[in-house]
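S.K.: Dropping a prediction and its sequence here:
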Amino acid sequence: MSEPRAYLNGWTTAAHAVVPIYDAGFVLGTTVSEQLRTFAGRLFRLDEHLDRLFASLSVVGVEPGLGRGELARIAEELVAHNHALLSPGDDLGLSMFVTPGPYATLAGGRPALPTVGLHTYPLPTRLWAKAYDDGVALAVSSVRQVPSECWPTAMKCRSRMHYYLADQEVRQRQPGARALLLDDEGHVSETATSNVVMYRRGEGLVSPRWEQILPGISLAMVRELAAESSLGWSERDLTPRDLAEADELLLTSTPSCVLPVTRFEGGAISSGQPGEVFRALMAAWSAKVGVDIARQAREFAGRLEP
């Protein structure tokens, strides 16, 4: 098969992987999900993503009907097939999601069996390639993070209206900026797609407290790289003022790995340019995975996407 494959309660083509409009994931947003990427065609930290997926499913009370080993096998087979369709040196994103299945009110008596889906996509590096050189802008939104009383911060799901509203608000005020969400106490939480880490000389890399944020797989990677170097690592409550006074400010996420924040609330972070810590982390991460991450992003930023 020379077209991309997908899995939606069984093998199909990507073009035919369509979730019904009566699915609870569409109707209610009750979708547990994971986003992964490959490096040189190999999935990055599949085990950790599966750990978080099954932990999230246990919170929701959904049994996917597939064991962990079978889901891993499907992911590896899917990526192997679809990666072979890419240009040499390119890489994929992998979306993995589970919903409770048909929503009874709209499903017309269809059995309430879970929906399990996996699909890939060429990494849209055009969205962040320039940020490795220029940095990104960040601004605080008045929209707050969903409190843990609603659902655990460690659960990754697609109920993300608050992220959408936060980004809409910030972009109206500062075009091109990303929204930073605070928690109910005014402490730094995260952005719509990234964890936040700051760097201060004498203190090292500092993250919001682990139990107060989504425990990002990429954030864990940065913590490991910090432990292997002299950068240092700590976790504590952070305020917007802490970020404004940082020597460097970073965003970590699966597709882009690490991005430098060069402007915060309209003002420059330090020199207003990507710093040495950012460059050191990118070099260390690239060495670990055998891919020059920033160079790859630039090379494929102009790729025509399906």
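M.R.: Good, I have the coordinates.

S.K.: Run through the helices of this protein in chain order.
M.R.: Along the chain, the segments classed as helices by DSSP state H run 24-27, 46-60, 68-83, 131-134, 161-173, 217-227, 240-244, 276-289, 293-299.

S.K.: Mind putting the ones you listed into CSV with mean pLDDT and distance to residue 143?
M.R.: Placement of C-beta: from N, CA and C, glycine included. Converted to CSV, the helices of the chain look like this (pLDDT from 0 to 100; distance: least, CB to CB, whole Å):
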stretch, mean pLDDT, distance to residue 143
helix 24-27, 96, 23
helix 46-60, 97, 23
helix 68-83, 98, 33
helix 131-134, 98, 23
helix 161-173, 96, 4
helix 217-227, 97, 22
helix 240-244, 98, 14
helix 276-289, 98, 27
helix 293-299, 98, 29
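
S.K.: Can you add distance to residue 180 and mean neighbour count and give the ones you listed back as CSV?
M.R.: Output for these, formatted as CSV (distance: least, CB to CB, whole Å; neighbours: other CB atoms under 10 Å):
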stretch, distance to residue 180, mean neighbour count
helix 24-27, 27, 20
helix 46-60, 23, 17
helix 68-83, 32, 17
helix 131-134, 16, 17
helix 161-173, 8, 16
helix 217-227, 15, 19
helix 240-244, 8, 16
helix 276-289, 18, 17
helix 293-299, 23, 18
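
S.K.: so which of those helices gets nearest residue 234?
M.R.: In terms of CB to CB, the element of the helices of the chain nearest to residue 234 is helix 217-227, at 9.5 Å.

S.K.: ok and that closest one relative to helix 46-60, angle-wise?
M.R.: With axes from the mean of the first three to the mean of the last three CA atoms, to 10 degrees defining the directions, helix 217-227 sits at 130 degrees from helix 46-60.

S.K.: which strands and helices sit next to helix 217-227?
M.R.: helix 46-60, strand 195-200, strand 204-207, strand 233-235, strand 248-253, strand 257-264, helix 276-289 (3 or more CB pairs under 8 Å, 6 or more residues apart in numbering; DSSP states H and E).

S.K.: Nearest to residue 206 among the helices of the chain would be which one?
M.R.: helix 240-244 (7.8 Å).
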